[in-house]
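K.L.:
No letters, just coordinates:
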């Protein structure tokens, strides 16, 4: 699902349990085992045999990738136009019992579910039950959207161009009035709220509950009998145990400890499908075949498939050039049309990559949420390897291993002494490709985290925030950590800053009990408020703050002022209560 920008990349789970503590990762569980199980359809044994060298190479890559990332378990589906090529399982479905992942283990696919929602919507359009360009409130009349622009339509919601807030994940965001920040259709902003609305659109146009409609319209025609349209207590026994970083309220180091995440049911349209690799192969094959099914029927019309993959708006995919269509990112890569999406849940991370031109597809899912990680590298390498094998080309070599987090190639650029207004100093030195902080008689090695200018410091004095740096051109001029600011030797700007006195009452630690959101910390630095020390809160005329962008749809307000201090922070309708801990 979408990410709410904070020090961790998103606000996430806050529930700690005895079970979570009991399942903290032990060292012997860190070494990712090799392939534990695979299934190749007997009817396709000949082609599968020809692909064995490719499969072996993919196994090598996955095993190394899991060791590098600390993933507990991984499931992988490889498909072509005819269906499943291979379903593979790696690692552990349950670290506590040492139960292995199998090809039948259910994994939550997260926001890849959005493309399933788009399929159902397009079917309804094919049947004349839905007009993508009518106001969405025609189908969901109880929904209130305050806007000075034209009405929001189904098309705007399915393409993430409605201008709705991007932060809320849960249905409670729909119970209060929503708002739009700009003309619908003009800009891309990933919004789970928009897709949750589309679940109600499906119910209204189809006449059945969302889960029943998705099962009948998407899962059943594809033969996805092992999958579920919603994540419920009934599916839990077949599902891998999910894991999350521990502790969850501060920066987390690469391959840090994991604990068992809180179990929750998920029935929201933004991301509620649980599936197996064999079932995902059926879905991906239907996309390769442009909606044509093996029984001669169609999942949806050719026209609808064209609409689904038509670029609606430019939207980079994890740094790569791409556009968003209907529930999918669409890219042209080396002359091939690629359909991609990722998914992040409370405790699962997934990636899907469908090469329509090459006729290959890959889906991977890991039973952990590793702070913004998605197994995109796995699906990307799998597609490249399959395409090479099927075209008779030399298989690719394994890419170079990921560099260790403490390897900082430009470490020398950050070295120097940085001074705070009160005289405190940060002293950093570079030793080759390592950057070290000299602090209280210790030499602390910094680790890359969150971006090219932010680092994790493994020292108790730096636990709560990342250490960041500011550049002016090529020069590093400032350093910051939470509320602390330090000027470097090349800093030429102001050294005194003013702010509204009432802002001091907004500073603090805030918590939301939902496992989707968790904790956030507001600090005051250089006369500005910052969320988790990284995201600026930009003042708006109405007394609220824009989350990084004063004109954007997400806004932050501070409420219930008691003796000058806010007891609650409202982030686009998500309520966080003040926590009286650092």
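P.N.:
Arrived safely. Predicted, not measured: the structure shown is a model, and the values here were computed from it.

K.L.:
Now for this structure: which strand has the highest residue count?
P.N.:
Counting by DSSP state E, the longest strand found in the chain is strand 83-94.

K.L.:
What strands line up against it, and which way round?
P.N.:
Using DSSP bridges, the strands paired with strand 83-94 are strand 35-39 (antiparallel), strand 73-80 (antiparallel), strand 99-100 (antiparallel).

K.L.:
just the ones you listed: most buried one?
P.N.:
The highest mean neighbour count among these, using mean count of other C-beta atoms under 10 Å, belongs to strand 73-80: a mean of 28. Every residue, glycine included, has its C-beta placed from N, CA and C.

K.L.:
in the protein, which spans are helices?
P.N.:
For the chain, the helices defined by DSSP state H occupy 18-22, 45-50, 52-69, 113-126, 154-158, 192-206, 210-214, 277-288, 302-309, 376-390.

K.L.:
Of these, which shows the lowest average pLDDT?
P.N.:
In terms of mean pLDDT, the lowest-scoring of these is helix 18-22 (a mean of 40).

K.L.:
which residues does the closest residue in space to residue 269 that isn't next to it in sequence contact?
P.N.:
Leaving aside its chain neighbours, residue 269 sits nearest to residue 199 (2.9 Å; criterion: C-beta to C-beta, 6 or more residues apart in numbering). Shown in contact with residue 199 (C-beta atoms under 8 Å, 6 or more residues apart in numbering): 117, 210, 268, 269, 270.

K.L.:
Could you find which two of these are furthest from each other?
P.N.:
210 and 270 (11.4 Å; C-beta to C-beta).

K.L.:
can you tell me how far the residue lying closest to residue 418 once chain neighbours are set aside sits from residue 300?
P.N.:
The shortest distance from residue 418 to any non-neighbouring residue, by C-beta to C-beta, 6+ apart, is to residue 486 (3.5 Å). Remark: distance between residue 486 and residue 300 (C-beta to C-beta, to the nearest Å) = 57 Å.

K.L.:
And for residue 211, the neighbour number?
P.N.:
Residue 211: 18 surrounding residues under other C-beta atoms under 10 Å.

K.L.:
rewinding a little: for the helices of the chain, which one sits closest to residue 36?
P.N.:
Within these, the stretch nearest residue 36 is helix 52-69; the backing value is 10.3 Å (C-beta to C-beta).

K.L.:
Okay, buried residues for the closest one please.
P.N.:
Residues of helix 52-69 classed as buried by neighbour count (16 or more other C-beta atoms under 10 Å): 54-55, 57-59, 61-63, 65-69.

K.L.:
go on, stretch 322-340?
P.N.:
Residues of stretch 322-340 classed as buried: 322-331, 333, 338-340 (neighbour count, 16+ other C-beta under 10 Å).

K.L.:
Please compute how far stretch 390-398 lies from its chain's middle.
P.N.:
Offset of stretch 390-398 from its chain centre (C-alpha atoms, centre = their mean, to the nearest Å): 30 Å.

K.L.:
what residues does it touch?
P.N.:
The contact list for stretch 390-398, computed with C-beta under 8 Å, 6+ apart, reads 51, 53-54, 57, 60-61, 64, 80, 358-360, 381, 384-385, 387-389.

K.L.:
got it, and stretch 178-185?
P.N.:
Here stretch 178-185 makes contact (C-beta under 8 Å, 6+ apart) with 143-147, 149-153, 155-156, 159, 161-165, 193, 313, 551-553.

K.L.:
now the end-to-end length of that stretch.
P.N.:
Taking C-alpha to C-alpha, to the nearest Å, the first and last residues of stretch 178-185 lie 17 Å apart.

K.L.:
next one: stretch 324-340
P.N.:
When the end residues of stretch 324-340 are compared by C-alpha to C-alpha, they are separated by 10 Å.

K.L.:
Over to stretch 175-193?
P.N.:
With C-alpha to C-alpha as the measure, stretch 175-193 spans 11 Å from end to end.

K.L.:
Ok, stretch 204-217 next?
P.N.:
Terminal residues of stretch 204-217 lie 15 Å apart, using C-alpha to C-alpha.

K.L.:
Would you quantify the distance from residue 86 to residue 65?
P.N.:
As judged by C-beta to C-beta, residue 86 and residue 65 stand 17 Å apart.

K.L.:
my bad, should have said residue 443
P.N.:
Distance, residue 443 to residue 65, using C-beta to C-beta: 31 Å.

K.L.:
Kindly report the same for residue 408.
P.N.:
Distance, residue 408 to residue 65, using C-beta to C-beta: 22 Å.

K.L.:
all strands for the stretch 151-300 of the chain, in order.
P.N.:
In the stretch 151-300 of the chain, the strands defined using DSSP state E, counting those that start in this stretch lie at 178-179, 243-245, 258-260, 274-275.

K.L.:
most packed of those strands?
P.N.:
Ranked by mean neighbours (mean count of other C-beta under 10 Å), these are led by strand 274-275, with a mean of 28.

K.L.:
Pull the residues that contact that one.
P.N.:
106, 107, 108, 109, 224, 226, 227, 228, 231, 235, 239, 283.

K.L.:
how does it look with 7 Å?
P.N.:
Contact with strand 274-275 is made by 106, 107, 108, 109, 224, 227, 228, 231, 235, 239, as judged by C-beta atoms under 7 Å, 6 or more residues apart in numbering.

K.L.:
would you list these in JSON lines and tack on neighbour count and distance to residue 139?
P.N.:
Formatted as JSON lines, the contacts of strand 274-275 follow (neighbours: other C-beta atoms under 10 Å; distance: C-beta to C-beta, whole Å):
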{"residue": "106", "neighbour count": "24", "distance to residue 139": "31"}
{"residue": "107", "neighbour count": "29", "distance to residue 139": "32"}
{"residue": "108", "neighbour count": "28", "distance to residue 139": "27"}
{"residue": "109", "neighbour count": "30", "distance to residue 139": "26"}
{"residue": "224", "neighbour count": "22", "distance to residue 139": "26"}
{"residue": "227", "neighbour count": "24", "distance to residue 139": "26"}
{"residue": "228", "neighbour count": "22", "distance to residue 139": "25"}
{"residue": "231", "neighbour count": "26", "distance to residue 139": "25"}
{"residue": "235", "neighbour count": "16", "distance to residue 139": "29"}
{"residue": "239", "neighbour count": "18", "distance to residue 139": "32"}
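
K.L.:
burial count for the residue nearest to residue 418?
P.N.:
Considering only other C-beta under 10 Å, residue 486 is surrounded by 19 other residues.

K.L.:
Which residues are in contact with it?
P.N.:
418, 419, 420, 426, 478, 479, 480.

K.L.:
Now residue 482: closest residue in space, sequence neighbours ignored.
P.N.:
Here the residue nearest residue 482, using C-beta to C-beta, 6+ apart, is residue 465, at 4.0 Å.

K.L.:
I'd guessed that neighbour sits against residue 535; true?
P.N.:
No - contact criterion C-beta atoms under 7 Å: residue 465 and residue 535 do not qualify, at 11.8 Å.

K.L.:
Same drill for these two, tell me which one is more crowded.
P.N.:
Neighbours around residue 465 and residue 535, counted as other C-beta under 10 Å, are more numerous at residue 465. The numbers are 23 against 19.

K.L.:
check contacts around the more buried one.
P.N.:
Going by C-beta under 7 Å, 6+ apart, the list of residues near residue 465 reads 7, 251, 481, 482, 532, 533.

K.L.:
what about 8 Å?
P.N.:
Residue 465 sits next to 7, 250, 251, 481, 482, 521, 523, 532, 533, 534 when contact means C-beta under 8 Å, 6+ apart.
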